[in-house]
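Participant: Generate a structure from the sequence data that follows.
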Amino acid sequence: MRPTLLIARRELSAYLRSWTGYIVIALAWFADGLFFNAFVLGGAEKRSAEVLSNFFYLSFGMTVIASIFISMRLLAEERQQGTINLLFSSPVRDTDIVLGKFLAALAFLGIMVVGTLYMPLMIFVHGKVSWGHIAGGYFGLMLVGAATLAIGTLGSALARNQVLAVILTAAMVLSMLVAWMLGRVTDRPLSEIFMALALFNQHFIPFQSGLVHLRDVVYYLAVTYVFLFLATRVVEARRWR
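Facilitator: Presented below is the predicted three-dimensional model:
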């Protein structure tokens, strides 16, 4: 576990030293705040719980988009800068490399997500919401972020540069987001499979209301595990190429 944490610390330091990471966070915060004021607080009068639910709905999109751009540099940058061979020659396992880089990206994403906490707290000025609702929603955002970062880790492992990593990751994430559409036009049991695979429709909506269901937690953890496993296999194959 120590090599994993060392890689995670090194990668997190690289995020904090890079302008790219701060630009991603700044843009995500700006867009989140703009949409929060325009679409959540604005318009017709809403109940406090409904306002908070709409906030998590918008934050889902911001978290997914930010995760795609945060993950683009994980392995693609190493290959682009020619440092991937140095990493492969170090006495660490492929699992340590992938997991360490993933944990660093997850920690950086956590900084971004926690930075939006002031928005739900603004609801207390004129209303009242449950702290459990807030905690459940943010827990859901971190699970979604972890799943998207795992997909991005695979995309970054497959790509030769960061631009291609973004394109590959966005394509994979989009296919999982629109899986529910296939579920609506296919017959059972395929319709149920597509619905269950969808990244948002069936699994995140309960988190919007502060409800934490075991099946949804297991789904996001399973997606995270599967894509990290695939990324590890890709790294392993490239090491011996």
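
Participant: Give the full set of residues in contact with the residue nearest to residue 116 when sequence neighbours are not counted.
Facilitator: The spatial neighbour of residue 116 that comes closest, neighbours along the chain excluded (CB to CB, 6 or more residues apart in numbering), is residue 32 at 5.5 Å. Where you see a C-beta, it was placed from the backbone N, CA and C, and this is true even at glycine. Residue 32 sits next to 58-59, 62, 116, 119 when contact means CB atoms under 8 Å, 6 or more residues apart in numbering.

Participant: Quick one: residues contacting residue 93.
Facilitator: So residue 93 contacts residue 3 (CB under 8 Å, 6+ apart).

Participant: In terms of helices and strands, where is residue 160?
Facilitator: Taking DSSP states H and E as the definition, residue 160 sits outside all helices and strands.

Participant: typed the wrong thing, it's residue 119
Facilitator: For residue 119, the enclosing helix or strand under DSSP H and E is helix 118-122.

Participant: so for that helix, what's the average pLDDT?
Facilitator: Mean pLDDT, computed over helix 118-122, is 84.

Participant: Centre of the chain to it, how far?
Facilitator: 21 Å (CA atoms, centre = their mean, to the nearest Å).

Participant: Just say helix, strand or coil for residue 200.
Facilitator: At residue 200, secondary structure determined by DSSP: H, G, I helix; E, B strand; the rest coil is coil.

Participant: helices and strands of the protein: which one bottoms out on pLDDT?
Facilitator: Lowest by mean pLDDT, DSSP states H and E among the helices and strands of the chain is helix 84-89, with a mean of 68.

Participant: any idea which helix or strand comes after that helix?
Facilitator: Going C-terminal from helix 84-89, and assigning secondary structure by DSSP H and E, you next hit helix 94-114.

Participant: didn't residue 8 look like it was pressed against residue 108?
Facilitator: No - contact criterion CB atoms under 8 Å: residue 8 and residue 108 do not qualify, at 10.2 Å.

Participant: So which of the two has more stuff around it?
Facilitator: Counted by other CB atoms under 10 Å, residue 8 and residue 108 do not tie: residue 108 has more neighbours, with 24 against 20.

Participant: The residue nearest to the more buried one when sequence neighbours are not counted: how many residues sit nearby?
Facilitator: Sequence neighbours aside, residue 15 is the residue nearest to residue 108 in space, at 4.6 Å (criterion: CB to CB, 6+ apart). Neighbourhood size, residue 15 [other CB under 10 Å]: 20.

Participant: Start the count at 13 instead of 1 going forward.
Facilitator: In the new numbering, first residue 13, that becomes residue 27.

Participant: Now name the helix or strand holding residue 27.
Facilitator: Per DSSP H and E: helix 14-29 holds residue 27.

Participant: after that helix, next one along is what?
Facilitator: Heading C-terminal from helix 14-29 (DSSP H and E), you reach helix 31-47.

Participant: Now the element after that next one, going C-ward?
Facilitator: helix 60-83.

Participant: coming back round to it: so the residue nearest to residue 128 versus residue 149, what's the distance?
Facilitator: For residue 44, the distance to residue 149 (CB to CB, to the nearest Å) stands at 13 Å.

Participant: Identify the contacts common to those two.
Facilitator: Common neighbours of residue 44 and residue 149 are listed as residue 71 (criterion: CB under 8 Å, 6+ apart).
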